[in-house]
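*Asks:* Starting from these lines, generate the structure:
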Amino acid sequence: MAKIFVANLPFSATDAEIEELFAQHGEVISAKLISDRTTGRALGYGFVEMDDAAAQTAIAALNGTDFGGRDLRVEIARERTERSDRRPRREW
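*Replies:* Next up, the predicted model:
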């Protein structure tokens, strides 16, 4: 299974629209857009999970294509690394 990073999405995009877009290239396991924790506003990026072969096909087909007036950036997601420059979260 591959996790795909999708950026430069229109802020009006929904999980269902992204899932439908990627489903044209193979079975989508999950599609999740990221939103701001405080405001709930979309941040313009998200993640899609597909099997490896379908993911490669989707990346090749969708990277740089127009979606909602914006050129998508589609690539394999990198592992999240711990940032040492972050301040600890405040406990209220």
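*Asks:* Would you mind measuring from the residue nearest to the spatial centre of the chain to R87?
*Replies:* Centroid-nearest residue in the chain, with CA atoms, centre = their mean: G46, separated by 2.3 Å. Plainly put, G46 is 26 Å away from R87 if you go by CB to CB, to the nearest Å. (Glycine included, C-beta is placed from N, CA and C.)
*Asks:* what's the longest helix in the protein?
*Replies:* helix 52-62 (DSSP state H).
*Asks:* can you pull out the strands in the chain?
*Replies:* 2-7, 28-35, 42-50, 66-67, 70-71, 73-76 (DSSP state E).
*Asks:* Including mean pLDDT, could those go into JSON lines?
*Replies:* Output for the strands of the chain, formatted as JSON lines (pLDDT from 0 to 100):
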{"stretch": "strand 2-7", "mean pLDDT": "97"}
{"stretch": "strand 28-35", "mean pLDDT": "96"}
{"stretch": "strand 42-50", "mean pLDDT": "96"}
{"stretch": "strand 66-67", "mean pLDDT": "96"}
{"stretch": "strand 70-71", "mean pLDDT": "96"}
{"stretch": "strand 73-76", "mean pLDDT": "98"}
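*Asks:* Columns distance to E17 on top of the ones you listed, output as a markdown table?
*Replies:* Formatted as a markdown table, the strands of the chain follow (distance: least, CB to CB, whole Å):
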| stretch | distance to E17 |
| --- | --- |
| strand 2-7 | 11 |
| strand 28-35 | 9 |
| strand 42-50 | 11 |
| strand 66-67 | 8 |
| strand 70-71 | 13 |
| strand 73-76 | 14 |
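*Asks:* I'd guessed the residue nearest to the centre of the chain sits against A31; true?
*Replies:* Yes - G46 lies in contact with A31 (CB atoms under 8 Å); the separation is 6.9 Å.
*Asks:* Identify the contacts common to these two.
*Replies:* Common contact partners of G46 and A31 (CB atoms under 8 Å, 6 or more residues apart in numbering): 15, 18.
*Asks:* what's the longest helix of the chain packed up against?
*Replies:* Counting contacts by 3 or more CB pairs under 8 Å, 6 or more residues apart in numbering; DSSP states H and E, helix 52-62 is packed against strand 2-7, helix 15-23, strand 42-50, strand 73-76.
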